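**Q** Sequence below, structure please.
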Amino acid sequence: MSGEHEAVRDLLAAWAVGALTPADERTVPRHLAACESCAAEAERLRETVRLLDGPRATPPGPVNGAGTGRAARGTRDTAPAGRGRPTGGDGPGGRPAGPEGAAGLPPALLAAARRARPAAPRVAAHAAPYAAAVAGLGALLSELDAPGSWSTPVVHDWDVQATVAHLIAADEPLARRLGLAPRVPWSAGAEKAGWEAAWAARTAEVIAHERARTPAETVAVWSAQAAALLAVPEAADAGRAAHATTLMGVRLPVADHFVVRAFEAWIHTDDIGRALGLAVPPPPEPHLWQLVRLAVRILGRALGPTAAPVLFAPAGGGRDAQWVLGSEDEPVAAELVLDPVDFCLLIGGRYAPGEVPRGAVGDTAAVTAVLERAASLAWL
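**A** The predicted structure is shown next:
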């Protein structure tokens, strides 16, 4: 049963946000009925989702949701070259077969069922990565109880609270475009500058505003805005999310802007985890590949049609995840292989081009051009 135990632990975050596949919807509740440790972890994750969602009308069954999604599949225990990733595991293992209560359920799961409200509203596949990233960050923030945790330096000149405040500002462009009012008042004339200057100014404005509040209040504002974004019609309707709009200097369908929001939420969750020495898993596998595919499209645009062509094949993607970046009119000059998580971290500015672990053959200059262009896209 150890194989099933590990597989189900990898699905718990997806279970909490209602993003299991139909097959997993049958497997997970059966395992939770027999495993107290997984049942306790599942309840902890669902409680985080409840905090994001607010009260619901009717209690759920053990499983809700549709679409794709795997929960975080674990963390790496060693740091790749050039990056100070923390060591650490995922928590308790094993599968204690505790006493069963009514209907064959263990006490922990029975308690969860009595208190439960429905999981997060069902969202379309394009919004599922954002829903999972929000739940993941919420779960991480719920662990911050040590004195001084919130003032720990994270990235740039931000501590933990400022990083969460930055995410409030980061989600605002999409939220406002979809009709949501800003949670922090805007200064007059803030939108007249170019998007880079407006972005920096708004982040500074929100962080300054949140400095006068408690960390719990900052998290509540971020959580409420994230929940509101996940409740807009565009989050559940792929058709409504198909129209393109320009945000942060990039014109993309609204569906892709949801993926961008997932990307940034996960990157900053990883930043906070590293700062605090807490292991943060990568995005669930299907969500990770959504991030990779969008990043490849944006990178391809940035390289343009005249760059020396490089075959890019993220590890583990198979034939369906190979792209020629650059010119389509010349023979491939080089081949580049990156771990998909490392590729996302490179795009997010968390690796220098020369430090990202990679496999490459062929024209070194062509590979370097791809890596440098990828790293240059970072604005997080």
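**Q** Show me what the mean pLDDT comes to for the helix or strand hosting A7.
**A** Element membership for A7 (DSSP states H and E) is helix 2-9. Averaging pLDDT along helix 2-9 yields 71.
**Q** again with stretch 155-175
**A** 95.
**Q** and if you look at stretch 201-214?
**A** 93.
**Q** got it, and stretch 31-39?
**A** Rounded mean pLDDT across stretch 31-39 is 79.
**Q** got it, and stretch 313-330?
**A** Per-residue scores along stretch 313-330 average to 89.
**Q** what does stretch 246-261 give?
**A** pLDDT averaged over stretch 246-261 gives 94.
**Q** and A146, how many residues sit next to it?
**A** A146 has 9 neighbours, counted by other CB atoms under 10 Å. Any C-beta I mention is one placed from the backbone N, CA and C, and that applies to glycine too.
**Q** Tell me the helices and strands packed up against the helix holding A7.
**A** Packing contacts for helix 2-9, counted by 3 or more CB pairs under 8 Å, 6 or more residues apart in numbering; DSSP states H and E, involve helix 22-32, helix 36-53.
**Q** Next, the angle from it to helix 22-32.
**A** 110 degrees (axes from the mean of the first three to the mean of the last three CA atoms, to 10 degrees).
**Q** Am I right that T246 is in a strand?
**A** Yes. Assessed by DSSP: H, G, I helix; E, B strand; the rest coil, T246 belongs to a strand.
**Q** For W222, give its distance to S151.
**A** 17 Å (CB to CB, to the nearest Å).
**Q** wait, L294
**A** 34 Å.
**Q** neighbour count winner among the two?
**A** Neighbours per residue (other CB under 10 Å) separate L294 from S151, with L294 holding more: 22 against 12.
**Q** and L288, how far is that from A204?
**A** In terms of CB to CB, L288 sits 31 Å off from A204.
**Q** ugh, wrong one, A307
**A** 35 Å.
**Q** before we move on, what about A212?
**A** A212 is 14 Å from A204, by CB to CB.
**Q** of these two, who's got more company?
**A** A204 (14 against 7).
**Q** so that one, which of the three states?
**A** helix.
**Q** And L144, by the same measure?
**A** Quick answer, by three-state DSSP: L144 is coil.
**Q** residues near it, how many?
**A** Neighbours of L144 (other CB under 10 Å): 17.
**Q** cool, and L345?
**A** 23.
**Q** Spell out the secondary structure type for it.
**A** helix.
**Q** check contacts around it.
**A** R83, I267, D270, Y351, V356 (CB atoms under 8 Å, 6 or more residues apart in numbering).
**Q** Report the buried residues of stretch 145-158.
**A** Of the residues in stretch 145-158, those with enough neighbours to count as buried (16 or more other CB atoms under 10 Å) are S149, W150, T152, V154, V155, W158.
**Q** Contact partners for the second one?
**A** Pointing back at W150 there. So W150 contacts L144, D159, V160, Q161, P215 (CB under 8 Å, 6+ apart).
**Q** hmm, 6 Å instead?
**A** Contacts for W150 (CB atoms under 6 Å, 6 or more residues apart in numbering) come out as V160, Q161, P215.
**Q** closest to S327 among these?
**A** Nearest to S327 among these is V160, at 44.2 Å by CB to CB.
**Q** Can you give me the distance of P283 to L137?
**A** 12 Å.
**Q** do you know how far E234 is from V134?
**A** 16 Å.
**Q** quick one: which of these two has more around it?
**A** V134 (29 against 25).
**Q** Tell me if that one really is in a helix.
**A** Yes. Assessed by three-state DSSP, V134 belongs to a helix.
**Q** sorry, back to before: tell me which two in the buried residues of stretch 145-158 are the farthest apart.
**A** Applying CB to CB across these, the maximum distance is between S149 and V155, 15.4 Å.
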